[in-house]
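Peer 1: here is a sequence together with a model predicted from it:
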Amino acid sequence: MLAGLAERLAPVFADGEPTLLTDDPELADWLGSSGLPVLTFDDLTGRDALPTRIVAVPLDYGRIPSRRVLRDVLSGSSVLWVPLASFSPDLSTARYAVEKLLEVDFTRSVANNRHLICRLMLARGDVTFSGPGTKLALRLPEVLQLSSRTRVDLLPDEHSTVGNYFEVAFSPADLAGRLDAGMSVSGTLRVDSVLVAKHRELRGRTADQFTAATRVAEEMRRACPLNLSIVDSRIVGGLGPFADDIEALSGPEYRGAVTEVAIGTGALAPDGIDWSLNCLLNESAAGIHLGVGNGLTGMHFDFLATEAVLDG
């Protein structure tokens, strides 16, 4: 079933096949059908030699070492992180995500990233996005700061998240919810699906709210399409009965502030995507998405417009 995974990952690890690393024994057994070597995080303890090429697929952050420990342990390895634990610990959702990796083309997605970045750097004034029920204008700052992957292969000791391969993202607001005066987004967005994620450093009572946040996101997916109104990087309408929950769970300091505008470059076949799942690989599979919250002090919600595109 997973026989093509090594081939899909080959451009990322140009000097050899990676080892798949997870915290879940059942997922580890299933990943074995890929033909690639598989380890659990527990297997790293006491090993004389660690793999130099790793695809890390955690399902539960509570079962893996801290970031500080892993930074030391894996300092000599190139690691592609597939942080499914930020979205769902569910095994069937994890299998779906890995199967979606069999469909993506890392080289093409990075080429799409570079093409989009060039277009944005050459743009003057506003750029616009449009699609069914969607019309957004994004005012770009003089100095454009983006989050995206522009090189396919990982360096020998480089770590990267898989999401960076499949999107070009902007941040109209900082981690404290302060809006960037040089950038703003306004208009309407038809929401076709909703995701929620947490950062692995989220702790305490806020982290305990993730289950409630996933229920809200699920209810919103069932209610889609939703039609959001955005003015100067704040959502001012369209959340309806979910507005209070979004504000409470993403962090009231945001007051509807858009913390992310992203263009998906994953280029997955739309008819093969299960939009009912809260899954990382759905985030940038197609279209664009707007995010609220930062995942560190509260939850991060993504509102996906799966048919919207950058105009021009």
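Peer 2: Structure's in. What do you need? Numbers count the residues shown, from 1 in each chain.

Peer 1: going by C-alpha atoms from here, please, whenever you check contacts or count neighbours.
Peer 2: Will do.

Peer 1: just the element for the residue sitting furthest away from the middle of the chain, please.
Peer 2: The centre of the chain is farthest from one residue, residue 48, which by Cα atoms, centre = their mean lies 33.4 Å away. For residue 48, there is no helix or strand it lies in under DSSP states H and E.

Peer 1: now it: how far from residue 73?
Peer 2: 11 Å (Cα to Cα, to the nearest Å).

Peer 1: can you pull out the strands in the stretch 51-200 of the chain?
Peer 2: For the stretch 51-200 of the chain, applying DSSP state E, counting those that start in this stretch gives strands covering 53-57, 78-81, 126-131, 134-139, 159-161, 167-170, 184-191, 193-197.

Peer 1: any idea which of these gets closest to residue 35?
Peer 2: For the strands of the stretch 51-200 of the chain, the distance to residue 35 is smallest for strand 53-57, at 13.7 Å, taking Cα to Cα.

Peer 1: packing partners of the closest one?
Peer 2: Counting contacts by 3 or more Cα pairs under 8 Å, 6 or more residues apart in numbering; DSSP states H and E, strand 53-57 is packed against strand 19-22, strand 78-81.

Peer 1: let me have those strands in CSV, extended by distance to residue 229, mean pLDDT and mean neighbour count.
Peer 2: CSV is the format used below for the helices and strands packed on strand 53-57 (distance: least, Cα to Cα, whole Å; pLDDT from 0 to 100; neighbours: other Cα atoms under 10 Å):
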stretch, distance to residue 229, mean pLDDT, mean neighbour count
strand 19-22, 40, 98, 23
strand 78-81, 34, 98, 23
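
Peer 1: would you list the ones you listed in TSV and tack on distance to residue 182?
Peer 2: What follows is the helices and strands packed on strand 53-57, written out as TSV (distance: least, Cα to Cα, whole Å):
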stretch	distance to residue 182
strand 19-22	41
strand 78-81	32
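
Peer 1: quick check: which of those is nearest to residue 65?
Peer 2: Of these, nearest to residue 65 by Cα to Cα is strand 19-22, at 11.6 Å.

Peer 1: for that closest one, C-alpha coordinates in CSV please.
Peer 2: Only the C-alpha atoms of strand 19-22 are listed here, as CSV (Å, rounded to 0.1, in the frame of the first residue of the first chain):
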residue,chain,number,x,y,z
THR,A,19,13.9,6.3,8.4
LEU,A,20,10.3,6.7,9.5
LEU,A,21,10.0,7.7,13.1
THR,A,22,6.7,7.7,15.2
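
Peer 1: so which residue is smack in the middle of the protein?
Peer 2: Nearest to the chain centroid, counting by Cα atoms, centre = their mean: residue 163, 4.5 Å.

Peer 1: my read: it touches residue 282, true?
Peer 2: No. Using Cα atoms under 8 Å, residue 163 is not in contact with residue 282, being 10.0 Å away.

Peer 1: still on that earlier bit, which residues sit in contact with the residue nearest to the centre of the chain?
Peer 2: 82, 280-281, 284 (Cα atoms under 8 Å, 6 or more residues apart in numbering).

Peer 1: just the ones of these in helices?
Peer 2: 280-281 (DSSP state H).

Peer 1: quick one: which of the contacts of residue 163 has the lowest pLDDT value?
Peer 2: The lowest pLDDT within these belongs to residue 284, with 92.

Peer 1: distance of that one from residue 254?
Peer 2: Taken as Cα to Cα, the span from residue 284 to residue 254 is 23 Å.
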